[in-house]
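Enquirer: return atomic coordinates for the entry below.
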Amino acid sequence: HLKVGLKTEDITAKRIKLSVGWRSIVQGQIHLTHTTIDDLVVFSKKPPSGRPFSYSPISLPFDLYVTNSHVNGLTISHMSRNPVTKKLAPKTDVVFSHIYLKSASWKDDLLTIFKSSVKENGIFEASQVTGTMQFHKHYPINAQGLLIIPSLQKVNFAPFKVVATGDLEEIHGVLNAEIA
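Expert: Model (predicted):
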């Protein structure tokens with residue numbers, strides 16, 4: 001069990017199994033291969049401020065490379081004020097049941113992924129995801145992949161081909177589907 005308590009966030013995981021390429025650390029790089037993380041939780045302890053989200057630049061002090069790695073459960077949550085009781089309580093924002101990174105890198109403020117996937121059991125699966133996201137301005141994104149919706153597959157819908165552009169303020173998407 002791992003718990004990292006930071007000033008504004010808590011990060012926990014039930015289990016982490018990883019292989020690190022040690023020679024690359026001398027070159028200011030971290031290479032993680034065949035990593036498995038179970039039940040990763042990122043919790044923001046900051047109380048709500050009432051101000052719009054601040055897109056702070058995020059730049060790693062090293063180059064991070066991840067290949068053939070799995071996250072079995074990711075939850076992102078934050079503190080929220082109950083509108084009725086006015087009390088602070090944790091609120092879950094995002095839950096993914098499985099993330100697979102075939103190949104990903106994070107250099108400075110640029111995250112690049114290649115042929116990776118994310119899944120929420122029974123709801124959707126995004127596969128063959130390839131693209132970039134930069135962690136500055138409003139976090140511009142440029143990605144493509146396949147979107148599989150299990151309930152639509154049951155009635156013979158093929159996966160949607162998806163292209164997403166824009167940023168986290170305004171995402172533009174194109175869906176293409178073949179109907180059998």
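Enquirer: show me the contact partners of the helix or strand bottoming out on mean pLDDT in the chain.
Expert: Of all helical and strand segments in the chain, the minimum by mean pLDDT, DSSP states H and E falls on helix 22-25, at a mean of 82. With Cβ atoms under 8 Å, 6 or more residues apart in numbering as the test, helix 22-25 has contacts from 30-31, 65. To be clear about C-beta, it is placed using only N, CA and C from the backbone, and glycine gets the same treatment.
Enquirer: the helix or strand containing A89: which residues count as buried?
Expert: In the assignment (DSSP states H and E), A89 maps to strand 88-96. By 16 or more other Cβ atoms under 10 Å, the buried positions in strand 88-96 come out as F96.
Enquirer: could you dump it to CSV, C-alpha only?
Expert: As requested, the backbone C-alpha atoms of strand 88-96 are provided in CSV (Å, rounded to 0.1, in the frame of the first residue of the first chain):
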residue,chain,number,x,y,z
LEU,A,88,-17.2,20.0,2.8
ALA,A,89,-17.1,16.4,1.6
PRO,A,90,-15.1,14.4,-1.0
LYS,A,91,-16.6,14.3,-4.5
THR,A,92,-15.5,11.9,-7.2
ASP,A,93,-14.9,13.5,-10.6
VAL,A,94,-13.4,10.8,-12.8
VAL,A,95,-13.3,7.0,-12.5
PHE,A,96,-11.6,4.7,-15.0
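Enquirer: what is that strand packed up against?
Expert: With contacts taken as 3 or more Cβ pairs under 8 Å, 6 or more residues apart in numbering; DSSP states H and E, strand 88-96 sits against strand 63-81, strand 110-120.
Enquirer: so the helix or strand where I16 lies versus strand 63-81, what angle?
Expert: Using DSSP H and E, the element containing I16 is strand 15-20. Here the directions of strand 15-20 and strand 63-81 differ by 160 degrees (axes from the mean of the first three to the mean of the last three Cα atoms, to 10 degrees).
Enquirer: contacting residues around strand 15-20?
Expert: 1-2, 30-39, 69.
Enquirer: rerun at 10 Å
Expert: Residues from elsewhere that reach strand 15-20 (Cβ atoms under 10 Å, 6 or more residues apart in numbering): 1-2, 30-40, 66-72.
Enquirer: which among those count as buried?
Expert: 30-32, 35, 37, 40, 66-67, 69, 71-72.
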